[in-house]
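Chemist: Need the 3D shape of this:
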Amino acid sequence: MNEPMEQPASTTAPSEGKVYDIAEIIEAVVKLVQDMDEKLTSLCAAHEALDKEIHEDFFGPIHKQYQEHVRGQGIEGVRAKYGARFGELAEPLKAFGIEDVFERLYDALEELKKGEGYKDEDEGPFVDGIFSQAMDRISRVRGQPPKPPESPEPPKEEPSAVEKTTVTIGGDKPTDKPPAKTPKKWSPAMDL
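Modeler: This is a model prediction of the structure:
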């Protein structure tokens, strides 16, 4: 009784028409997606042009001027801090092509600050090294022996009255390794 019903031949023709209608719908959707892609591409291009105009044309000069101001303030700070020491080197260093010794010193200090493990205490010995190198070069050009460093070595600490005693337990000996010294990083300003 429940026999499958056979469909008449006339129903197959409309189903073929439905397949054709789906293909038309898919083509319409593909065309719509392509049109949206073109609009989105043109919108992205317009956004990039606006972004470039805002950042490069408007904020670019402001940022550049700010960086120049910060650099100028930094150079003036170096001039105020080390002016008495390096002022006498300004004229002799012009023979080496160094127009502004404070500008070069500022650049060298900025490079030092970018290095790993930089501490504020590193600046003094670094500047001392640059000063010594500059004085050595000037002295060699003038044919004079190099001047001794201006700052005397700090006095060595006297051993205290308390002695350090090492106790070994069970045959183990403690190992006291001194901390490793980090080498000074080379900078172009060190070639003054």
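Chemist: So which residues of this protein form helices?
Modeler: For the chain, applying DSSP state H gives helices covering 12-52, 60-86, 90-94, 101-114, 123-142.
Chemist: want to throw the ones you listed into JSON lines with mean neighbour count and mean pLDDT?
Modeler: C-betas here are computed from N, CA, C, even on glycine. Output for the helices of the chain, formatted as JSON lines (neighbours: other CB atoms under 10 Å; pLDDT from 0 to 100):
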{"stretch": "helix 12-52", "mean neighbour count": "10", "mean pLDDT": "83"}
{"stretch": "helix 60-86", "mean neighbour count": "13", "mean pLDDT": "89"}
{"stretch": "helix 90-94", "mean neighbour count": "14", "mean pLDDT": "80"}
{"stretch": "helix 101-114", "mean neighbour count": "19", "mean pLDDT": "88"}
{"stretch": "helix 123-142", "mean neighbour count": "16", "mean pLDDT": "84"}
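Chemist: How about residues contacting stretch 59-79?
Modeler: 100, 102, 103, 105, 106, 109, 110 (CB atoms under 8 Å, 6 or more residues apart in numbering).
Chemist: how does it look with 6 Å?
Modeler: If you take CB atoms under 6 Å, 6 or more residues apart in numbering as the criterion, stretch 59-79 is touched by 102, 103, 105, 106.
Chemist: Show me which pair in those is furthest apart.
Modeler: Pairwise distances across the contacts of stretch 59-79 (CB to CB) peak at 7.3 Å, for the pair 103 and 105.
Chemist: Quickly list what's touching both of the two.
Modeler: Residues touching both residue 103 and residue 105 (CB under 6 Å, 6+ apart): there are none.
Chemist: And residue 141, how close does it get to residue 108?
Modeler: As judged by CB to CB, to the nearest Å, residue 141 and residue 108 stand 21 Å apart.
Chemist: And residue 39, by the same measure?
Modeler: On the measure of CB to CB, residue 39 and residue 108 end up 54 Å apart.
Chemist: now residue 56
Modeler: Residue 56 sits at a distance of 30 Å from residue 108 (criterion: CB to CB).
Chemist: what's the answer for residue 130, then?
Modeler: Applying CB to CB, the value for residue 130 to residue 108 is 6 Å.
Chemist: Please apply the same query to residue 44.
Modeler: To residue 108, residue 44 is 44 Å away according to CB to CB.
Chemist: what does residue 100 give?
Modeler: 12 Å.
Chemist: do residue 117 as well
Modeler: Noted for residue 117: a distance of 17 Å to residue 108, by CB to CB.
Chemist: can you check residue 34 too?
Modeler: Distance of residue 34 to residue 108, computed by CB to CB: 58 Å.
Chemist: Please apply the same query to residue 57.
Modeler: Distance of residue 57 to residue 108, computed by CB to CB: 34 Å.
Chemist: do residue 132 as well
Modeler: Counting by CB to CB, the gap from residue 132 to residue 108 is 14 Å.
Chemist: and what of residue 78?
Modeler: Residue 78 sits 10 Å away from residue 108, going by CB to CB.
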